[in-house]
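In: I'd like to go over a predicted model; first the sequence, then the structure.
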Amino acid sequence: MKKISGPVRKKIVVAVFLVAILVGSGAYALAVSGRDKTAQGPQNIVVSEGPATSIDYTIYDLFQEPWQEWWADRTTYYSTDFIITSGAGWNTALFMPGRSPALSYQGIIYAPYRYAIDAVDLTTMNVSDPEFMPILGPTSVVGASASIDLYFQYLYETWWNDYWIDTWGGDGDWVGDAFYSPGGTDGYYLGTTYSIVMNRAAAYSWLNMPTSSDVATWWTANKESTEDAWQNWVLVEGNDRLDIYCGYEWTYDSFGVYMDLVELGPDSVALQLDHISWGYEILMTRWLTETQVSPGLEPWYEDFSMQVAYGETTADLTSDAVCQYSMHAVKGNKTADHAAWVFEPAKVDYIVKPGHPSEYNPYKALFYQSWNAGDVFLGTEVNYEQTPSEFDLDAGETLTFQLPTIDVPAYQGVALTEADYDNLAAGDNSGFLAIQDNGQIGLGYWITGWPESTGLNLTDMYNPTTRTLVIQGPQDFENDVNSPTTMYHGTPWIEFWVDSEMPLANAGSDIPDVVTETPVSFDGSLSTDDVRIFNYTWTFTHEGSPVTLYGLSPDFSFMALGDYTVTLTVMDSIGNVDTDDVIVHVTVLIPEFPMILVPIAATMAMIAVFKKRKR
């Protein structure tokens with residue numbers, strides 16, 4: 001118990017003193033002395049912690065997101081991304097980072113996936129510190145509450161015509177209908193929409209709109225200045241405070257901010273805020289890292305939606321988005337060329353620029369050995385194409401992978417040629433199709449982290465039947481190979497292998513001459529699979545009751561004579577099963593303890609008497 005004591009002259013001083021000191025959980029004894037004291041003897045005060053933050057991360061819908069029209073524009077402008085395959089559940093592309101002329105044909109095959117976050121009781125943001133909005137009025141207003149429903153996506157023709165032009169085409173600051181057209185941009189123009197609901201206290205804090213103001217009148221007078229203030233704020237966020245340059249290779253640019261404010265009732269208003277930019281998706285990764293919502297994974301987002309409910313001390317947040325560049329094709333670890341996909345967390349920074357901070361800086365002169373499927377330089381040293389990241393989990397955090405249960409595209413861990421890359425750029429993907437080894441995927445190599453001897457074994461966290469991998473925090477993934485401050489690759493490095501063959505169960509040879517009540521060891525080690533067997537289950541009937549054992553080599557003691565048929569069922573990484581039987585012949589009955597004990601005891605007694613008489 002923590003004890004606080006000291007002279008106190010006025011009651012109000014006691015109250016201020018308590019607020020300043022009692023900030024940790026636990027029990028406190030307060031001894032108060034002074035002329036105006038109101039407490040007689042030590043007063044026990046219990047201070048409890050607030051709600052614990054919990055965050056669930058889910059990765060799902062691998063290969064599902066279609067390649068939208070902006071990808072063709074990017075290929076035309078930058079020649080770094082080339083679509084290999086497309087279709088429902090069949091989307092893959094080639095990324096060529098072009099780090100140096102010597103490595104101009106370095107290539108990484110990647111696939112899209114969705115990433116959902118469900119965060120409860122975040123202490124890193126609240127209505128007075130909303131992160132995704134500025135505070136244009138008082139920084140703290142009692143009773144304030146607000147919510148944000150946010151969405152962003154790269155501009156495409158239908159959305160541009162049906163929403164942006166239709167909603168804002170008559171606005172005095174409209175960027176112009178011709179600003180966007182398919183084939184006329186670099187593919188990175190981004191549209192962001194905010195739907196914000198605030199009570200009047202929050203509107204006073206966020207917009208500086210007094211609670212007594214008439215909403216329509218105030219908005220008519222302050223719309224333009226509010227739009228300007230928001231634009232100035234987001235430019236400072238993107239170019240100064242959270243400088244996005246080294247994650248985007250360009251500055252944060254704003255092409256328009258459009259707002260409308262309406263009154264919902266006597267105590268709430270709704271603000272529609274829409275924004276066209278270069279770079280907002282990178283700024284979002286900065287915000288989610290700063291608030292510890294997603295500090296270990298900074299992907300390139302598409303089709304991003306987020307909902308935030310703000311309270312006075314905490315916030316709840318959910319988000320869902322398509323992610324690119326952190327799920328890529330590799331040669332399965334410790335295999336000759338097995339087709340595999342790997343989830344590798346990364347930071348968004350990928351260049352170094354004087355005058356701009358970059359987490360890529362420690363990696364700019366480092367190399368790693370490429371095991372990227374289809375890479376012209378497979379097996380050789382290549383430059384880092386991005387910044388490896390460490391996706392650690394705190395207590396209360398969970399990372400779940402939901403794998404597809406259908407066939408997916410995959411690529412053997414072999415090298416392609418420069419001609420194959422040139423042909424793909426010209427529209428001929430035959431070289432890549434030639435190394436495909438498609439099929440269903442499950443957990444592949446089951447140790448993540450380095451050194452391997454202390455890495456996390458994922459076996460018991462994976463369910464082959466449901467194809468789910470669930471990792472519970474706390475987990476501190478280690479992979480410090482280059483130096484204490486750099487990682488060889490992002491961690492956790494989690495491989496998912498194509499499993500194209502049925503497992504083959506082998507329960508071993510029949511077991512003869514077993515003695516009752518003596519442990520029998522089963523052995524399933526001769527069972528095989530092209531990836532790995534994840535479950536060994538042994539079943540049989542013993543003395544009229546079913547028995548189930550688990551593991552590669554469990555033990556069991558039989559209590560009665562007889563021949564027992566024991567069935568081994570093995571399951572591979574995608575839930576395929578096979579069975580095999582072994583017969584245990586229990587033919588020798590162990591002698592009962594009393595039958596042995598009595599003759600031995602009698603014999604020992606006779607010997608003792610005989611020796612006594614001989615003395």
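Out: Done, it's in.
In: ok, how many other residues are close to E249?
Out: 12 (other CB atoms under 10 Å). All C-beta spots, glycine's among them, are computed from the backbone N, C-alpha and C.
In: Quick one: residues contacting it.
Out: 350-351, 353 (CB atoms under 8 Å, 6 or more residues apart in numbering).
In: which of those has the most neighbours?
Out: Highest count within the contacts of E249 by other CB under 10 Å belongs to Y350, 22 neighbours.
In: wait, what's in contact with the residue lying closest to that residue once chain neighbours are set aside?
Out: Excluding the flanking residues, the one nearest Y350 by CB to CB, 6 or more residues apart in numbering is Q386, at 4.5 Å. Listed by CB under 8 Å, 6+ apart, the contact set of Q386 reads 325, 346-350, 360.
In: taking these one by one, which sit in strands?
Out: 346-347 (DSSP state E).
In: Reformat the contacts of Q386 as TSV; add distance to I471 and pLDDT.
Out: Shown next, in TSV, are the contacts of Q386 (distance: CB to CB, whole Å; pLDDT from 0 to 100):
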residue	distance to I471	pLDDT
Y325	21	97
A346	18	97
K347	20	97
V348	23	98
D349	25	98
Y350	26	97
Y360	27	97
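In: Pipe the contacts of Q386 into JSON lines and attach distance to T313 per row.
Out: Compiled in JSON lines, the contacts of Q386 are given as follows (distance: CB to CB, whole Å):
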{"residue": "Y325", "distance to T313": "36"}
{"residue": "A346", "distance to T313": "33"}
{"residue": "K347", "distance to T313": "30"}
{"residue": "V348", "distance to T313": "30"}
{"residue": "D349", "distance to T313": "32"}
{"residue": "Y350", "distance to T313": "37"}
{"residue": "Y360", "distance to T313": "36"}
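In: Need the phi and psi values for the residue nearest to Y350.
Out: Phi and psi for Q386, reported as degrees, to the nearest 10, are phi -160, psi -180.
In: Now do the same for it: its pLDDT.
Out: Here the pLDDT value assigned to Q386 is 95.
In: where does it sit relative to A93, distance-wise?
Out: Computed as CB to CB, to the nearest Å, the Q386 to A93 distance reads 15 Å.
In: Quick one: classify W233 as helix, strand or coil.
Out: helix (DSSP: H, G, I helix; E, B strand; the rest coil).
In: any weak-confidence spans in this protein?
Out: The model of the chain has pLDDT under 70 over residues 1-50, 480-484, 592-615.
In: For it, which segments are assigned as helices?
Out: 11-21, 70-78, 157-159, 166-168, 200-207, 215-236, 245-248, 280-290, 418-425, 430-433, 593-614 (DSSP state H).
In: hang on, the earlier thing: out of the contacts of E249, the closest to D529 would be?
Out: Y350 (37.8 Å; CB to CB).
In: Surely that closest one touches G247?
Out: Yes: taking contacts as CB atoms under 8 Å, Y350 lies within contact range of G247: 6.8 Å.
In: Common neighbours of these two, please.
Out: Shared contacts of Y350 and G247 (CB under 8 Å, 6+ apart): none.
In: who's in contact with M571?
Out: 464-465, 503, 533-535, 537, 577.
In: before we move on, back to that, identify, from the contacts of Q386, the entry nearest to S254.
Out: Nearest to S254 among these, with distances taken as CB to CB, is V348, at 19.4 Å.
In: OK, contacts around that closest one?
Out: For V348, counting by CB under 8 Å, 6+ apart, the contacting residues are 247, 282, 285-286, 298-300, 386-387.
In: any idea how far it is from T192?
Out: 17 Å.
In: Then K223?
Out: Taken as CB to CB, the span from K223 to T192 is 18 Å.
In: quick one, which of the two is more surrounded?
Out: Taking other CB under 10 Å, K223 and T192 do not tie; T192 has more neighbours (20 against 16).
In: which residue sits closest to the more buried one in space, ignoring its chain neighbours?
Out: According to CB to CB, 6+ apart, the nearest residue to T192 is F152 (4.0 Å).
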